[in-house]
Structures are given as C-alpha cells and as structure tokens.
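[1] I need the structure of the sequence given here:
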Amino acid sequence: MPLTMHTLSVPAFTRGFSALSGLLDKAEAFASESGLPLSELFDARLAPDMLPLSGQVQRASDTSKNAIARLTTLEVPRFPDDERNFDDLRQRIGKTVAFFETVKPEDLEGSESREVTLSFPNFKMTFSGEDYLLKFVLPNFYFHVTTAYAILRHKGVPIGKSDFIVGLG
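    Numbers count the residues shown, from 1 in each chain. The predicted model follows:
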C-alpha cells in the first residue's frame, strides 16, 4: 500500500490524540490519589513563556484540523479556546477525532502538490502540500503532544514512553 497524504496524517493525528487522552486519564488519577488540585496540572507549563497543558491540547487540535482544512476543501470545525477542566479537554479531543473520522482518503488526493502559504507577522512561508505536512504540521503536532507529556511528567505524573507510544501495535 503506497503512502498517501491521508495515511500520513489522519491516522497519526488520531493515534496522537489517543495517547493524549490516556495521558489526561493518568494525570487525573494521579491528582486524585495524591490530593493535587487538577488546576495545578491543567495550568502547568514548562517555562513562563510557554503555553500551559490546556494550551498544548488546544494547539495539537488546531494544528491537526487546520492542516486538513489547508490541504482539502473540507469545512473544518472551529473550537474556541475556552476549556476550563480536564473534561473540557477530553471533549475537545473527542470533537477533533470525530472530525478526522469524516475525512476520507479521496479528500486528500492530490494535496501533496497543493500550494499552502502561511502568514506570520513578519514573513510568509509557502510549501507544497507534502512539505507542509511532513516538515511543518507533523513536527508541530508532535511538539504539542510531547510538551503536554513533558508537563505532566515534570509535575510527577507516573507516565513513561509507553504511554506516549500507544497504539503502534
């Protein structure tokens, strides 16, 4: 089976969100067992200028679903960044994964050559769809999932590599 833009994106995003959901479950159990307020995990960050755990989940969601929007003509759901607790984060993950379940392989056919331009305050970047997915989206998505893992690990949640690499079997 040849690699396609669909096989490189949707399953990777879905698996990443499965791992992220598992991390949230373990974090919630840890907080309950240790008496740590969930807000200390929800608002935790690795550095003062980095997004907290909640922001990492939000950016993973936005990065992945907006990539599909830029690579297809599909209408992508928009979610306000108004999550206030772990249940809200789980709902956002669920809505994001539910969207991915609607994306068909044919929706991404030909998107490897589609031009994608991103505008930043001081510059623009233009990619082929393939380069956009492989060199920008996937690294960005995994950055946010990994940072969420690192925040929880830093706060003492007993998680390990196997919690991050779920679903590969």
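
[2] other SSEs contacting the worst-scoring helix or strand of the chain on mean pLDDT?
    The helix or strand of the chain with the lowest confidence, counting by mean pLDDT, DSSP states H and E, is helix 161-164 at a mean of 91. Judged by 3 or more Cβ pairs under 8 Å, 6 or more residues apart in numbering; DSSP states H and E, helix 161-164 is in contact with helix 5-34, helix 138-154. Where C-beta positions appear, they are placed from N, C-alpha and C, glycine not excepted.

[3] Just the angle for the first one relative to helix 138-154, thanks.
    Computed by axes from the mean of the first three to the mean of the last three Cα atoms, to 10 degrees, the angle separating helix 5-34 from helix 138-154 equals 10 degrees.

[4] if we can go back for a sec, so which of the helices and strands packed on helix 161-164 comes closest to residue 119?
    Minimum separation from residue 119 across the helices and strands packed on helix 161-164 (Cβ to Cβ) falls at helix 138-154, 15.6 Å.

[5] Quick check: mean pLDDT of that closest one?
    The average pLDDT for helix 138-154 rounds to 98.

[6] out of the helices and strands packed on helix 161-164, which comes closest to residue 55?
    helix 138-154 (8.4 Å).

[7] nearest spatial neighbour of the spatially most central residue of the chain, skipping sequence neighbours?
    Central residue of the chain (Cα atoms, centre = their mean): residue 60, 2.4 Å from the mean position. Spatial nearest neighbour of residue 60, chain neighbours left out: residue 144 (4.1 Å); criterion: Cβ to Cβ, 6 or more residues apart in numbering.

[8] Is there a neighbour count for the one you found? I'd like the number.
    Residues lying near residue 144 (other Cβ atoms under 10 Å) number 22.
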